[in-house]
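Engineer: task: produce atomic coordinates for the following.
(2 chains)
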Amino acid sequence: ETAVFQTPNYHVTQVGNEVSFNCKQTLGHDTMYWYKQDSKKLLKIMFSYNNKQLIVNETVPRRFSPQSSDKAHLNLRIKSVEPEDSAVYLCASSPDSGNTLYFGEGSRLIVV
Amino acid sequence: GDSVTQTEGPVTVSESESLIINCTYSATSIAYPNLFWYVRYPGEGLQLLLKVITAGQKGSSRGFEATYNKETTSFHLQKASVQESDSAVYYCALGDRNRIFFGDGTQLVVKP
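Structural biologist: Numbers count the residues shown, from 1 in each chain, chains lettered A, B, ... in the order given. Next up is the predicted model:
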């Protein structure tokens, strides 16, 4: 049963536009993540938040910015998208850092 | 940094044959990381298959097993007799204090 909800599921946009992905978890977890899955299905961590605090910020372009209003929500904004941003963005939550992840179904971004 | 290396896919086996997908890890930030196997079945989201957090212990789920071997830094996934429904992409993963790192994934194809 899904408990990590992502919207939108799919988005097509042009280079230079701004995109936002939303994520909400109903598991009561303290930690949330954004991962990027590229065309080769490789999974790379981008950010993690614990109780609204940023704790991991991997080397990602500055046009990516996470936003957390509370520990149940973690959004991802991309300013001025580039073609290489085309990917599936996976949101996940965890009861604590470094522990089991519960994933959403992903948000597929296509930049044309 | 921390990393995970696993068998490159696709791996093709016939139904009822045995399976092993190799996974080795490198953990520099933590002495005893949590180790995981995740799976993505066709049309479904990424989900936990099994995890082991104590060196020397074995985890099992759905007929799959993996043993946390600290000496060889390995966490190989094994199954004695695969089924067609096991066809999926399998990810080995390592959890340190703040994040979980994934291997590149191994696609398993089970032929009837």
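
Engineer: C-alpha from now on. contacts and neighbour counts both.
Structural biologist: Will do.

Engineer: the closest residue to A:R63 other than its chain neighbours: neighbouring residues, count only.
Structural biologist: Once flanking residues are discounted, A:R63 sits nearest to A:K79: 4.9 Å by C-alpha to C-alpha, 6 or more residues apart in numbering or on different chains. Using other C-alpha atoms under 10 Å in any protein chain shown, A:K79 has 16 neighbouring residues.

Engineer: got phi/psi on A:K79?
Structural biologist: Main-chain torsions, A:K79, degrees, to the nearest 10: phi -90, psi 140.

Engineer: I figured it hits A:D85, correct?
Structural biologist: No. The pair A:K79 and A:D85 does not pass the contact test of C-alpha atoms under 8 Å, sitting 10.7 Å apart.

Engineer: tell me the pLDDT at the closest residue to A:D85 other than its chain neighbours?
Structural biologist: Among residues not flanking A:D85 along the chain, A:V111 sits closest, at 6.9 Å (C-alpha to C-alpha, 6+ apart). For A:V111, the model assigns a pLDDT of 97.

Engineer: run a quick neighbour tally on A:V111.
Structural biologist: 18.

Engineer: from chain B, how far out is it?
Structural biologist: Per C-alpha to the nearest C-alpha, to the nearest Å, A:V111 is found 22 Å from chain B.

Engineer: my guess is that residue meets A:S86, correct?
Structural biologist: Yes. At 5.5 Å, A:V111 counts as touching A:S86 under the criterion of C-alpha under 8 Å.

Engineer: and the helix-or-strand element of chain B with minimal mean pLDDT with chain A, contact?
Structural biologist: Here the helix or strand of chain B ranked lowest by mean pLDDT, DSSP states H and E is strand B:100-102, holding a mean of 91. Yes. Residues of strand B:100-102 are located near chain A by C-alpha under 8 Å from any C-alpha of the partner chain, namely B:100-102.

Engineer: phi first, then psi, for B:E84.
Structural biologist: Per-residue torsions, B:E84: phi -60, psi -30 (degrees, to the nearest 10).

Engineer: quick one, what contacts it?
Structural biologist: B:15, B:109-112 (C-alpha atoms under 8 Å, 6 or more residues apart in numbering or on different chains).

Engineer: and the residue nearest the centre of chain A, bridged to which residues?
Structural biologist: By C-alpha atoms, centre = their mean, chain A has its centre lying nearest to A:W34, at 3.2 Å. With DSSP bridges as the criterion, A:W34 is bridged to A:F47, A:C91.

Engineer: can you check the pLDDT for the closest residue to B:P10 other than its chain neighbours?
Structural biologist: Among residues not flanking B:P10 along the chain, B:Q107 sits closest, at 4.7 Å (C-alpha to C-alpha, 6+ apart). Looking at B:Q107, its pLDDT is 96.

Engineer: go on, A:Q67?
Structural biologist: At A:Q67, pLDDT is 93.

Engineer: with the one 5 residues further on instead?
Structural biologist: Listed pLDDT for A:A72 reads 95.

Engineer: residue contacts, it?
Structural biologist: Contacts of A:A72 (C-alpha under 8 Å, 6+ apart): A:24-26, A:28-30, A:32.

Engineer: go again using 10 Å as the cut-off
Structural biologist: A:4, A:23-32, A:51-52, A:93 (C-alpha atoms under 10 Å, 6 or more residues apart in numbering or on different chains).
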